[in-house]
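Q: sequence plus predicted model, see below.
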Amino acid sequence: MNRSGYNEDGDWDEDTQRRVNLYQGAIKRALTGKRGQALLRRIVAALDAMPVKELERDTFGGKNSGCMCAFGALAAHEGIDVADLEPLDDEGDPVEADILAARFGCAEALAREIMWTNDTAPIHGLSVMGPRLPPNLERQRRWKWTRGWCAARIVE
């Protein structure tokens, strides 16, 4: 299972498909539940409050660019301390979703999905095979995609 919660090894037997279906159900319940809806609204508000509309991947507080990920933007907006969290561990693996879920008050499946949306969602328009965008345009597109993804899932 990878960061998105899906299987990457290509071995899609019946058991794997059942687990994927259960995981997708967990995401749906988390997105439509009270805590999930509140988190989505908080993230959208945090992203809208950013003076520079850019998101980075794999960082809570931006390195040289001053950018941060969606959870980093929320932490900065609400004064949530994430200084003890490293976005990547010593092996380069992302922070565990259960830690973020506890820190931000949401389901683990939703924390994992938001991390994936911010960091690796292919819909950013960034092609692995195509030309790379300049870093600032890549970060702007990431902000726009992540904000749109969160806003589209808010139930009025």
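A: Yep, that arrived. The shown structure was predicted, so the numbers you read here are calculated from the model rather than taken from an experiment.

Q: pretty sure Glu54 sits against Arg139.
A: Yes. Using CB atoms under 8 Å, Glu54 is in contact with Arg139, at 3.5 Å. In short, each C-beta sits where N, CA and C put it, glycine included.

Q: show me where the chain has helices.
A: Along the chain, counting by DSSP state H, helices occupy 14-32, 34-49, 70-78, 97-104, 108-119, 135-152.

Q: run a quick neighbour tally on Gln17.
A: 11 (other CB atoms under 10 Å).

Q: now Asp58
A: Other residues lying near Asp58 total 16 when counted by other CB under 10 Å.

Q: same check on Leu137?
A: Per other CB under 10 Å, the neighbour tally for Leu137 reads 13.

Q: do Leu110 as well
A: Quick note: Leu110 (other CB under 10 Å) scores 25 neighbours.

Q: same question for Ala26.
A: Ala26: 17 surrounding residues under other CB under 10 Å.

Q: does it touch Ala107 like I think?
A: Yes. Using CB under 8 Å, Ala26 is in contact with Ala107, at 6.9 Å.

Q: coming back round to it: who wins for proximity to Thr59 among the helices of the chain?
A: Closest to Thr59 of these is helix 70-78 (CB to CB; 6.6 Å).

Q: list the buried residues of the closest one.
A: Neighbour counts over helix 70-78 (16 or more other CB atoms under 10 Å) mark 70-77 as buried.

Q: would you list those in a markdown table and tack on pLDDT?
A: Putting the buried residues of helix 70-78 into a markdown table (pLDDT from 0 to 100) gives the following:
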| residue | pLDDT |
| --- | --- |
| Ala70 | 93 |
| Phe71 | 93 |
| Gly72 | 91 |
| Ala73 | 93 |
| Leu74 | 95 |
| Ala75 | 92 |
| Ala76 | 91 |
| His77 | 93 |
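
Q: what's the closest of those to Cys150?
A: Of all the buried residues of helix 70-78, Cys150 sits closest to Ala70, with 7.6 Å by CB to CB.
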